[in-house]
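A.B. asks: Okay, structure incoming, though there's no sequence with it:
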């Protein structure tokens, strides 16, 4: 069975995409959240990023041709911005850490 034919892979991809969209929409109002809302939003973003990191690792470890092509496409796209997948995750983590620090300063 091909990597993308796996029901587990399809379900996780669908959930990740839906969660990302929801968090992105929700994040547009982040400045209006109270302290607890910001903490919850950051926690959900971190959880989603962890899931995404695991999902991408599955692609990297797969012997499936299409999975390998997906990794190559991601590397190429990020490379156009002078970034690797590791750097992308590091940047996202730095952003979430800054957000946490800002929340900690709030009363």
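C.D. replies: Nice, thanks for sending it over. Note that the structure is a prediction, hence the values are computed from the model and not measured. Numbers count the residues shown, from 1 in each chain.
A.B. asks: show me the contacts for the residue nearest the centre of the chain.
C.D. replies: What sits nearest the mean C-alpha location of the chain, by CA atoms, centre = their mean, is residue 49, with 3.6 Å. Residue 49 sits next to 89, 92-93, 96 when contact means CB atoms under 8 Å, 6 or more residues apart in numbering. Just so you know, the C-beta spots here come from the backbone N, C-alpha and C atoms, and that holds for glycine as well.
A.B. asks: quick one: low-confidence parts of the protein?
C.D. replies: Across the chain, the ranges flagged by pLDDT under 70 are 1.
A.B. asks: where exactly do the strands run in it?
C.D. replies: With strands called from DSSP state E, the chain shows none.
A.B. asks: Quick check: closest non-adjacent residue to residue 3.
C.D. replies: Sequence neighbours aside, residue 64 is the residue nearest to residue 3 in space, at 3.6 Å (criterion: CB to CB, 6 or more residues apart in numbering).
A.B. asks: What spatial separation is found between the residue nearest to the centre of the chain and residue 25?
C.D. replies: Distance of residue 49 to residue 25, given as CB to CB, to the nearest Å: 17 Å.
A.B. asks: can you give me the helices in this protein?
C.D. replies: Using DSSP state H, the helices found in the chain span residues 7-27, 35-61, 65-79, 85-105.
A.B. asks: Would you mind finding the most buried of those?
C.D. replies: The highest average neighbour count among the helices of the chain, using mean count of other CB atoms under 10 Å, belongs to helix 35-61 at a mean of 15.
A.B. asks: Now do it against helix 65-79, angle only.
C.D. replies: Here helix 35-61 runs at an angle of 130 degrees relative to helix 65-79 (axes from the mean of the first three to the mean of the last three CA atoms, to 10 degrees).
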